[in-house]
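S.K.: need a 3D model of the following:
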Amino acid sequence: MSDGIKRQLVPGGRVIARALEAQGVEVVHTSRGSRIGGLHEGCADEGIEVVHLHNEQAATHAADAHARITGTPGCAVVTAGPGTAAALPGVATASRAQSPLLLIGVQSALTGDSRGTRQDLTRIGMPAPFTKYAANVVDTAHAAQEVSTALRACHHGEPGPSYVEISLQVLDAAAPSATPQPQDEHHGAPTRPAADPGAVQRLADLLVHAERPAILLGRQVWTTRATDAAVTLVRALNVPAYTDGAARGTLPPDDPHHFRLSRLYAFANADVIVVVGDAPLGALRGRGERPAPQATVVRIGRGRRIADAHENVGHTIDGDAGEVLASVAEAASARTGDGAYRRKEWLDELRAAERTAYERRLPQLRSDARPIHPYRLLHELDGFLTEDTLCITDGGGVALCSEQIVQPRSPGHWLDPGPLGTPGVGIPFVLAAKRARPDKEVVALFGVGDLSVTGWDFETLVRLDLPFIGIVADNSPAGPPHRADRAERDGRPAGAGAPFTGLPYDTFARMLGGYGEAVLDPADIGPALRRARESGKPSLLDVRVDPHAYTPGTPNQTVDK
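M.R.: Residues are numbered from 1 along each chain as shown. As a prediction, this is how the structure comes out:
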């Protein structure tokens, strides 16, 4: 090999970093691990920001959130063996949320592969069920090609995660700096596929002639950046709209076409229901029931999973949500007058159902009870949000309750675990949101168990000076039952089965250098939120809510009630 070629050789870590940069990766979220140091250095050399978190699940959740917020690929790098295993909750979450995420797992030395050496673990099979592409890179010459192919696969058809496993030999070996990045025809397919014109025309005809239509805007409205098209359609055709997941905020809370508390009523009485994205079938069926027999259901979305999962409920238009919605609005544009006028009574009927639901809940929203009623907390939080507040929820019960009450004011200002409901997304989502959108105020709502999963990365937010307002809906008992009482009640040794008791989350925040405050009285919620905002620090408000006010899984917190 000539001296000229030798001078162009660079470490494998830098070759991979260049492939990441060429595919639009801006940030790599990573866990600790000496084995991935070569890739960290390569990314830094190529101008890719490297953000270190405390564990692999947190790193993967942060990469997922970066993709959801920015629309550009999210990338997480984790260490070998248990590192990849620990990242799986993040990969599965991204898969269900249709988030384009690349996970890179570093493989232990090939010489020890499958020989029982430290951190040796069969890896490709673990993330494969949740990924669109999975490959093992054992040759530096092909590393750039595999990384590029994996990233393109993330955006092909229905978005989702990919996985690439790279051995230490690849990271340490040298390769020509100008490694070619061939375009794969399959993964180079258009990322905004147009829908069948005939299907578009049929849907336009349905909506023009419908008397009681309804539309459910799912997360693909945001992931495909179809907000403007969705708003144009519902306003032009005078259609009541409900939102789910990341699509929340598509319409402002006071928009005459925005509805949220009458979903079950609407679906039970509609004649045409349009669903954008893969909103859960339960959202249509309510408590196990099919939509009204007279309703024609049409789904719009990308990927075969949309059609296959719901083939027994209506028709499917496979295509980019924004392209389809814009095409339907255009096809119906000259014929909206009569149909839109007829729907005034339908919208008035739904608005009356909304008022009835709100008035039924009003005593709880204004409750002065102690411990604090969860609805009072959420009502105060909703009133605290601004046009620029990005709201994040982390948890099961409290997250579902929040969707009934807390309303983001703008598109792209809502992040939740997604259909999988994974606990622990909150802190990593905050980190990604503040790094990607430093101009936004970030408010995060946690359940107590959910914060415990990735809570130690609160230190990361302090270290990186990323202020946010965190609220812990703390429904833990105030204290354990007396030891003797517990033994008598359970008939077991006094220490067995002791329930969790409240932890001082405000003290935890202060211990790590943030702002913390305990809130016991509902009248103190608003002032505490304002003090957290004014602190300019990562914050946690430990709000003691009534543990008996709702129970996970009960109708009290049904999203579409």
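S.K.: please identify which helix or strand holds residue 147.
M.R.: Element membership of residue 147, judged by DSSP states H and E, is helix 143-155.
S.K.: helices or strands next to that helix in the packing?
M.R.: The contact analysis (3 or more CB pairs under 8 Å, 6 or more residues apart in numbering; DSSP states H and E) places helix 143-155 against helix 12-22, strand 101-107, strand 133-137, strand 162-167. For the C-beta atoms, the positions are set from N, CA and C on the backbone; glycine is no exception.
S.K.: just name the most buried of the ones you listed.
M.R.: Highest mean neighbour count among the helices and strands packed on helix 143-155 (mean count of other CB atoms under 10 Å): strand 101-107, with a mean of 28.
S.K.: low-confidence regions, the protein specifically.
M.R.: 1-9, 33-35, 108-123, 177-193, 279-292, 303-314, 335-341, 478-501, 550-561 (pLDDT under 70).
S.K.: out of the helices and strands packed on helix 143-155, which comes closest to residue 535?
M.R.: Smallest distance to residue 535 across the helices and strands packed on helix 143-155 (CB to CB): 32.4 Å, for strand 101-107.
S.K.: near residue 402, how many other residues are there?
M.R.: Residue 402: 26 surrounding residues under other CB atoms under 10 Å.
S.K.: from here on, count from 860
M.R.: Okay, using 860 as the starting number, the last item reads as residue 1261.
S.K.: quick one, phi/psi of it?
M.R.: phi -60, psi -30 (degrees, to the nearest 10).
S.K.: likewise residue 912?
M.R.: When read as degrees, to the nearest 10, the backbone of residue 912 gives phi -120, psi 170.
S.K.: so which helix or strand takes in the residue nearest to it when sequence neighbours are not counted?
M.R.: Residue nearest to residue 912 in three dimensions, not counting chain neighbours: residue 918, with 4.6 Å by CB to CB, 6 or more residues apart in numbering. In the assignment (DSSP H and E), residue 918 maps to helix 915-929.
S.K.: give me the next element, helix or strand, following that helix.
M.R.: Next element after helix 915-929 (DSSP H and E): strand 933-937.
S.K.: residue 1124 touches residue 1205, doesn't it?
M.R.: No. With contacts counted by CB atoms under 8 Å, residue 1124 stays clear of residue 1205, the gap being 11.3 Å.
S.K.: still on that earlier bit, gap between the residue nearest to residue 912 and residue 1058?
M.R.: Counting by CB to CB, to the nearest Å, the gap from residue 918 to residue 1058 is 41 Å.
S.K.: of these two, which one has the most company?
M.R.: Neighbour count, other CB under 10 Å: between residue 918 and residue 1058, residue 918 has more, with 31 against 19.
S.K.: picking that back up, surely the residue nearest to residue 912 meets residue 938?
M.R.: No. Counting by CB under 8 Å, residue 938 is not a contact partner of residue 918; they are 10.2 Å apart.
S.K.: can you list residues touching both of those two?
M.R.: residue 890 (CB atoms under 8 Å, 6 or more residues apart in numbering).
S.K.: phi, psi for residue 1310 please.
M.R.: Dihedral angles (degrees, to the nearest 10) for residue 1310: phi -60, psi -30.
S.K.: measure stretch 1272-1281 end to end?
M.R.: Stretch 1272-1281 has an end-to-end distance of 19 Å (CA to CA, to the nearest Å).
S.K.: what does it contact?
M.R.: Here stretch 1272-1281 makes contact (CB under 8 Å, 6+ apart) with 920, 924, 927-928, 948-949, 951-952, 954-956, 958, 1078, 1104-1105, 1107-1108, 1137, 1139, 1247-1255, 1258, 1262, 1267, 1282, 1284, 1288, 1292, 1299.
S.K.: show only the entries of the residues you listed found in helices.
M.R.: Among these, the members falling in helices (DSSP state H) are 920, 924, 927-928, 948-949, 951-952, 954-955, 1258, 1262, 1288, 1292.
S.K.: among the residues you listed, name the buried ones.
M.R.: Those of these that meet the buried threshold are 920, 924, 927-928, 948-949, 951-952, 954-955, 1258, 1262, 1288, 1292, by 16 or more other CB atoms under 10 Å.
S.K.: can I get these in JSON lines including distance to residue 1374?
M.R.: Below are these laid out as JSON lines (distance: CB to CB, whole Å):
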{"residue": "920", "distance to residue 1374": "23"}
{"residue": "924", "distance to residue 1374": "22"}
{"residue": "927", "distance to residue 1374": "27"}
{"residue": "928", "distance to residue 1374": "24"}
{"residue": "948", "distance to residue 1374": "29"}
{"residue": "949", "distance to residue 1374": "28"}
{"residue": "951", "distance to residue 1374": "33"}
{"residue": "952", "distance to residue 1374": "28"}
{"residue": "954", "distance to residue 1374": "35"}
{"residue": "955", "distance to residue 1374": "33"}
{"residue": "1258", "distance to residue 1374": "23"}
{"residue": "1262", "distance to residue 1374": "27"}
{"residue": "1288", "distance to residue 1374": "19"}
{"residue": "1292", "distance to residue 1374": "18"}
